[in-house]
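A.B. asks: one predicted model, sequence on top.
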Amino acid sequence: MTRELEIQHLNEHHAMKKRHLETQHEAESASQCEYTQRQQEELRKKHAMQSRQQPRELKVQEAQIRKQYRQVVKTQTRQFKLYLSQMMQVVPKDEQKELTSRLKQDQMQKVALLASQYESQIKKMVQDKTVKLESWQEDEQRVLSEKLEKELEELIAYQKKQKAILEEQIKK
């Protein structure tokens, strides 16, 4: 009877250890899942904030490019006026009107070409920054997913090892 009681007590003790280990593993797994969700949510928030900030940064850069364009146009206009006044002094009066209209037409074409170049530069910058941000965010998401997956695999491997050790002890 004593032997049976000892065996019964030992079986209950092993069952209790097994339940405790299973409960601990469930808690660890739940905690890991919560941690994973929290990390992914923080990354989503970070990316959303970056995406909201991007238009501000792009507007600042776009404003700088437009300012640069205005300065170039002012410089060209000053140079055009100087050139026009020099040409007016050299050219006879009857040809001045024709020369003025031709030079003004050339000047307008140059300014239009310059404007299209600056606009295409702005569009290219916006597109590059958007693609760069999106690809960077995707890379960051992939790295985080791989890290979290590795952590989960390590946890599962550790839990399996603990369970195997406990079962080995129970067999002894």
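C.D. replies: Looks like it arrived, so ask away.
A.B. asks: burial count for residue 5?
C.D. replies: Other residues within reach of residue 5, judged by other C-beta atoms under 10 Å, total 9. In this view, the C-beta of every residue, glycine as well, is placed from N, C-alpha and C.
A.B. asks: do residue 32 as well
C.D. replies: When neighbours are defined as other C-beta under 10 Å, residue 32 has 16 of them.
A.B. asks: and the gap between it and residue 114?
C.D. replies: Per C-beta to C-beta, to the nearest Å, residue 32 is found 59 Å from residue 114.
A.B. asks: equivalent analysis for residue 167, please.
C.D. replies: Residue 167 sits at a distance of 79 Å from residue 114 (criterion: C-beta to C-beta).
A.B. asks: need the pLDDT of the spatially most central residue of the chain.
C.D. replies: When the chain is reduced to its mean C-alpha position, the nearest residue by C-alpha atoms, centre = their mean turns out to be residue 137, at 3.2 Å. The score at residue 137 is 86. That number is its pLDDT.
A.B. asks: I'd say it and residue 47 touch.
C.D. replies: Yes - using C-beta atoms under 8 Å as the test, residue 137 is close enough to residue 47 to be in contact (4.8 Å).
A.B. asks: which residues of the protein fall in helices?
C.D. replies: Read by DSSP state H, the chain holds these helices, from start to end of the chain: 2-90, 93-171.
A.B. asks: what lies in contact with stretch 146-157?
C.D. replies: Contact partners of stretch 146-157, identified using C-beta atoms under 8 Å, 6 or more residues apart in numbering, comprise 28, 29, 32, 35, 36, 39, 40.
A.B. asks: got the residues you listed as CSV, with distance to residue 85 and pLDDT columns?
C.D. replies: Below are these laid out as CSV (distance: C-beta to C-beta, whole Å; pLDDT from 0 to 100):
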residue, distance to residue 85, pLDDT
28, 85, 94
29, 84, 93
32, 79, 94
35, 75, 95
36, 73, 94
39, 69, 94
40, 67, 93
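A.B. asks: looking at those residues, which one is closest to residue 8?
C.D. replies: Minimum separation from residue 8 among these (C-beta to C-beta) is found for residue 28, which lies at 30.4 Å.
A.B. asks: next, the contact list for that closest one, please.
C.D. replies: Taking C-beta under 8 Å, 6+ apart, we find residue 28 in contact with 155, 159.
A.B. asks: which residue packs closest to residue 114, ignoring adjacent ones?
C.D. replies: Nearest non-adjacent residue to residue 114, counting by C-beta to C-beta, 6 or more residues apart in numbering: residue 72, 6.4 Å away.
A.B. asks: what does the pLDDT read for residue 159?
C.D. replies: The model reports residue 159 with a pLDDT of 92.
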